[in-house]
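# Turn this into a model:
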Amino acid sequence: LQRFSFEDGRVRVHTVGREANPRFWRLLHKFGERAAAPVLFNTSFNLFGEPLVSDPREAIRSFYCAGIDALAIGDFLIVK
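Next up, the predicted model:
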């Protein structure tokens, strides 16, 4: 994983190398094959006014309460 920070501190570009994290690289690569723009944005995972998600149970609860379509956790993909 490489990080590139811009001067104003608002944007950080992360890259994932195939050798460093093969499974995550494959996920990103497959997304890029199907997306109009092969870019993913990573944000803090929490609902407004709640603390950041810190375990799988909280992630699944937040996923079902949020307006997102899919959640990948380890070997699992949950889709609404």
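# How about the longest helix along the chain, which residues are buried there?
Of all the segments of type helix in the chain, defined by DSSP state H, the longest one is helix 22-34. Buried positions in helix 22-34, judged by neighbour count with 16 or more other Cβ atoms under 10 Å: Leu28. Glycine gets a C-beta too; all of them are placed from N, C-alpha and C.
# Could you point out the helix or strand that follows it?
helix 56-65 (DSSP states H and E).
# mean confidence score for that next one?
Taken as a whole, helix 56-65 carries a mean pLDDT of 90.
# So which elements touch that helix?
strand 70-73 (3 or more Cβ pairs under 8 Å, 6 or more residues apart in numbering; DSSP states H and E).
# how's the protein carved up into domains?
According to the TED database, the chain comprises the domains 1-42, 50-79.
# contacts for the longest helix of the chain?
When contacts are defined by Cβ atoms under 8 Å, 6 or more residues apart in numbering, helix 22-34 is touched by residues 16-18, 38, 40, 72.
# worst-scoring helix or strand of this structure, pLDDT-wise?
Sorting the helices and strands of the chain by mean pLDDT, DSSP states H and E puts strand 2-5 at the bottom, at a mean of 52.
# still on that earlier bit, and the longest helix of the chain, how far out from the chain middle?
Distance, stretch centre to chain centre, for helix 22-34: 12 Å (Cα atoms, centre = their mean, to the nearest Å).
# next one: stretch 65-73
For stretch 65-73, the distance from its own C-alpha centre to the chain's C-alpha centre is 10 Å (Cα atoms, centre = their mean).
# if we look at that stretch, which residues are touching it?
Outside stretch 65-73, the residues that touch it by Cβ under 8 Å, 6+ apart are 27, 47, 56, 59-60, 63, 77-80.
# Recalculate using a threshold of 7 Å.
The contact list for stretch 65-73 (Cβ atoms under 7 Å, 6 or more residues apart in numbering) reads 27, 47, 56, 59, 63, 77-80.
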